[in-house]
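In: Structure here, sequence nowhere to be found:
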Ligand SMILES: NC(=O)c1ccc[n+]([C@@H]2O[C@H](COP(=O)([O-])OP(=O)(O)OC[C@H]3O[C@@H](n4cnc5c(N)ncnc54)[C@H](O)[C@@H]3O)[C@@H](O)[C@H]2O)c1
Ligand SMILES: [Zn+2]
Ligand SMILES: [Zn+2]
C-alpha cells in the first residue's frame, strides 16, 4: 500500500510499504477514507520528538471503512469509524477510570524503557508517533491496523460526511479537554495561546461552556480572524504586549483561566525563546515553553492553567515561583479521546459544534509531503490539511 513515511527532519515521503495484517484477535483493518495532518506531526517533522525511525508511517488522525476484523473485534466489515489517536486497552486501571491516554497495556514492554526513564512511567501507545509511544504505524496511509478495535473506534452514521467527524480522532476532543481542564465558570475571562486547530477548538469549547470572555493570542492574521469569528477577542503578539493587553482586557485582574495550545515549538523573539530555539537546533532537548511561561504570569492568583500543547522533555527558566506563590492549578495530558467521542459526536450532530470551519486544504495522500511542508511554512493560510487516499492529483500537484 501507499503511506506517508518519515525519513528525517523535514523529509517525509509517500512510499510503498507492506499492507497491515491482523495480529491480535481484537484488531481490525481499516481502509482509510480521510486523514489529517496535526500540529503534533510537525514536532515529528521538525525532528524534536525522539524515537522516530526512518520508514515509520505517520498519522494519528484518521477514519475509514472496516475491511477486516479479528475474531474478538466488535466491529463489522463495511462500518465507517473514526479512531482515537490514543491506543487504549479498555481494561487496565487507567482505562477503567477513563484515563485512556495513560493505558498501561498498549505500549509494548520492549518499547517502554525510553519513556519510563524520561517520565518515571511508560507512556501509553499512540498511532504513528515514534517508538516512545509504541512504534505503531499511523493512518496517513491507504490502510491501517487498529489494535483494541472493540474499545476505541466510534461508528459513524451514514448521513455524516467524513469532514464533519474526522476531528473526533484528536483535535476536537483535545480542544474540548483543554477547555474542560481550565474548569470554565460562566463569568470567566479565559485566554488561549495558539490559534491552530487545537486552540480554535479550545476557544469554541470555552464559549460553549459559557466563558463570558475568551481572548485568543497568535501572530497569524487569518488564524486570529477565525478565532474572532468564533466570538473571541484577539491579540497579535507581534504587535501588542501580551501581558499588558491581558491585564487591561481582564479589568486589571488577570485571566481566570489560561490555555496553552502552542506546545514545545513556541514562536517569538523573546530572549528565552531564542536560547531555546538554539538549544533545540543542536539537539539539546529543550522544550520552547515561552507561551506557557507567559500564560503562568498572566493568570490571576488562584487561577487555572490548562496545557493541551505537547511538551516532550525539559525546559529552562520555568516560573515555578509564580506557579506556587499564586496558588495555580495545572492540568495537562495527551487527550483521553475515548472519554469524549460519544458526547462530541452528539454535539456535532445537533449543531452545537462546528467542525469544518478550519479546513483549508484537501490533498491526495500522494501529495502528503507537500501538505507537511505548507502546513509548516505557510501556517497562516494552511490551517488544517485533509489527505484523501485515491483522490485525483490536480494539475497544481
Ligand atoms: N494534548 C494532546 O493530546 C494534543 C493533541 C493534539 C495536538 N496537541 C498539541 O497542541 C499544540 C497545537 O496543535 P495545533 O494542531 O493547533 O498546532 P499548530 O502548529 O497548527 O498551531 C500552533 C499555533 O500556535 C501559535 N503560536 C506559536 N507560538 C506562539 C506564542 N508564543 N504565543 C501564541 N501563539 C503562538 C502558532 O502561530 C500556531 O498558530 C501542539 O503542541 C500539538 O502537539 C496536543
Ligand atoms: Zn493530532
Ligand atoms: Zn488500558
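Out: On my side now, so go ahead. Just so you know, these numbers come straight off a predicted model, no measurement behind them. Residues are numbered from 1 along each chain as shown. Ligands and ions are numbered 1, 2, ... in the order given.
In: contacts and neighbour counts: CA atoms only from here.
Out: Noted.
In: so where do the helices sit in the stretch 151-300 of the chain?
Out: Taking DSSP state H, counting those that start in this stretch to define them, one finds helices in the stretch 151-300 of the chain at 162-165, 171-181, 197-208, 221-230, 242-249, 271-281, 290-298.
In: closest to ligand 3 out of these?
Out: With CA to the ion, the closest approach to ligand 3 among these belongs to helix 171-181: 18.6 Å.
In: Give me the number of neighbouring residues for the closest residue to residue 356 other than its chain neighbours.
Out: Spatial nearest neighbour of residue 356, excluding adjacent residues (CA to CA, 6 or more residues apart in numbering): residue 164 at 6.0 Å. Residues within reach of residue 164, counting by other CA atoms under 10 Å, total 16.
In: Show me what residue 233 is bridged to.
Out: Beta-bridge pairing for residue 233 (DSSP bridges): residue 215.
In: Next up, the contacts around it.
Out: 213, 214, 215, 216, 227 (CA atoms under 8 Å, 6 or more residues apart in numbering).
In: so how far is ligand 1 from it?
Out: When distance is defined by CA to the nearest ligand atom, to the nearest Å, residue 233 is 14 Å away from ligand 1.
In: same deal with residue 349?
Out: Residue 349 sits 22 Å away from ligand 1, going by CA to the nearest ligand atom.
In: okay, now the residue nearest to that residue when sequence neighbours are not counted: neighbour count?
Out: Closest residue in space to residue 349, ignoring its immediate chain neighbours: residue 160 at 8.0 Å, by CA to CA, 6+ apart. Residue neighbour count, defined by other CA under 10 Å, stands at 12 for residue 160.
In: In the stretch 1-150 of the chain, what residue spans correspond to strands?
Out: Taking DSSP state E, counting those that start in this stretch as the criterion, the stretch 1-150 of the chain carries its strands at 2-8, 11-16, 28-37, 61-69, 80-83, 86-87, 125-126, 143-146.
In: Parallel or antiparallel, list what pairs with the fifth one.
Out: Yep, that's strand 80-83 we're talking about. The sheet places strand 80-83 alongside strand 61-69 (antiparallel), strand 154-155 (antiparallel), with pairing taken from DSSP bridges.
In: Relative to ligand 1, which of those is closest?
Out: With CA to the nearest ligand atom, the closest approach to ligand 1 among the strands paired with strand 80-83 belongs to strand 61-69: 9.2 Å.
In: Redo the contacts of residue 233 as a markdown table? Include pLDDT, distance to residue 288 and neighbour count.
Out: Shown next, in a markdown table, are those (pLDDT from 0 to 100; distance: CA to CA, whole Å; neighbours: other CA atoms under 10 Å):
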| residue | pLDDT | distance to residue 288 | neighbour count |
| --- | --- | --- | --- |
| 213 | 98 | 28 | 20 |
| 214 | 98 | 24 | 26 |
| 215 | 98 | 22 | 22 |
| 216 | 98 | 20 | 28 |
| 227 | 98 | 24 | 28 |
